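**Q** Sequence first, then the predicted structure, then my questions.
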Amino acid sequence: MTTNNTANECVILLHGLARSAHSMDKMAQRLTEHGYKVLNIDYPSRALPIEQLAEQTISDALKQCHDMPVNFVTHSMGGILVRQFLSKHSIKNLNKVVMLGPPNKGTEIVDKLSHLPGFSFVNGAAGMQLGTSELSVPNQLGKANFDVGIIAGTQSINLLLSSLIPDTDDGKVSVESTKIEGMNDHIEMPTTHVFMMRNEAVIAQVICYLEQGKFNH
């Protein structure tokens, strides 16, 4: 976990499904260099449903921010954890949220592949909750009532998965699915789902949003 003891704002990093905190290491380093106290959280993304992951992971992380303003930077399902938590709790010192490739309306990959042997084992209970139906977790969480900017990728390195997704996508999530009612800003960038959190241009946009409340379009 990366921290900056002289910082006056806290940033909680939440990785995506079947990833680890290590995937957010470069993001953590850059944010620390910009003066933030960074909590790069590792959580067992495949072990529990989204509701339990959100409750445990975010509650524990918030305790480490103490009374500092709190920001979140999330990749993929990490953004759904934040939405889930905020649907049940208010964070009095919440500042900004930046989501990278969030399946805010679910992903067609879950719709079309969830019946295959091994899919549930690889993606866990939480992964099975990320379809596009009205009953999926993302589609039951409602609009954003917090300050959120969203970055969507437009490149894919998995043409097979992209063939299952309508319109422009990042290999896992369509650009359209990243959007959410109530979002403050949205930007598309030429990056892939699996590597966007390590992309220097994406990291620069994250810092821009945290500092200015908008992306550099």
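**A** Arrived safely, thanks for sending.
**Q** buried set for whichever helix in the chain runs longest?
**A** Across the chain, the longest stretch assigned as helix under DSSP state H is helix 50-65. Residues of helix 50-65 classed as buried by neighbour count (16 or more other Cβ atoms under 10 Å): 50-51, 53-55, 57-58, 61-62, 65. The C-beta positions use only the backbone N, C-alpha and C, and glycine is treated the same way.
**Q** Could I get the full set of strands for this protein?
**A** Listed in chain order, the strands of the chain (DSSP state E) span 10-14, 37-41, 70-75, 94-100, 148-153, 185-189.
**Q** Phi and psi next, for the nearest residue to residue 187 once chain neighbours are set aside.
**A** For residue 187, ignoring the flanking residues on the chain, the nearest one in space by Cβ to Cβ, 6 or more residues apart in numbering is residue 215 at 4.4 Å. Backbone torsions of residue 215, given as degrees, to the nearest 10, read phi -90, psi 160.
**Q** Would you agree residue 215 is in contact with residue 148?
**A** No: Residue 215 lies out of contact with residue 148 (Cβ atoms under 8 Å); the separation is 11.7 Å.
**Q** tell me what the longest helix of the chain is packed against?
**A** Contacting helix 50-65 under the criterion 3 or more Cβ pairs under 8 Å, 6 or more residues apart in numbering; DSSP states H and E are the following elements: strand 10-14, strand 37-41, helix 77-86.
**Q** Just tell me which of the ones you listed ends up closest to residue 173.
**A** Of all the helices and strands packed on helix 50-65, it is helix 77-86 that lies closest to residue 173, at 10.0 Å by Cβ to Cβ.
**Q** Which elements pack onto the closest one?
**A** Using 3+ Cβ pairs under 8 Å, 6+ apart: helix 77-86 touches strand 10-14, helix 50-65, strand 70-75, strand 94-100.
**Q** Dump it to PDB, restricted to CA.
**A** C-alpha atoms of helix 77-86 as PDB (Å, rounded to 0.1, in the frame of the first residue of the first chain):
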ATOM      1  CA  MET A  77     -15.900  -3.600 -11.300                       C
ATOM      2  CA  GLY A  78     -14.300  -1.400  -8.700                       C
ATOM      3  CA  GLY A  79     -16.600   1.400  -9.900                       C
ATOM      4  CA  ILE A  80     -19.600  -0.800  -9.300                       C
ATOM      5  CA  LEU A  81     -18.400  -1.400  -5.700                       C
ATOM      6  CA  VAL A  82     -18.400   2.300  -5.100                       C
ATOM      7  CA  ARG A  83     -21.900   2.700  -6.600                       C
ATOM      8  CA  GLN A  84     -23.100  -0.200  -4.500                       C
ATOM      9  CA  PHE A  85     -21.600   1.300  -1.300                       C
ATOM     10  CA  LEU A  86     -23.000   4.700  -2.000                       C
END
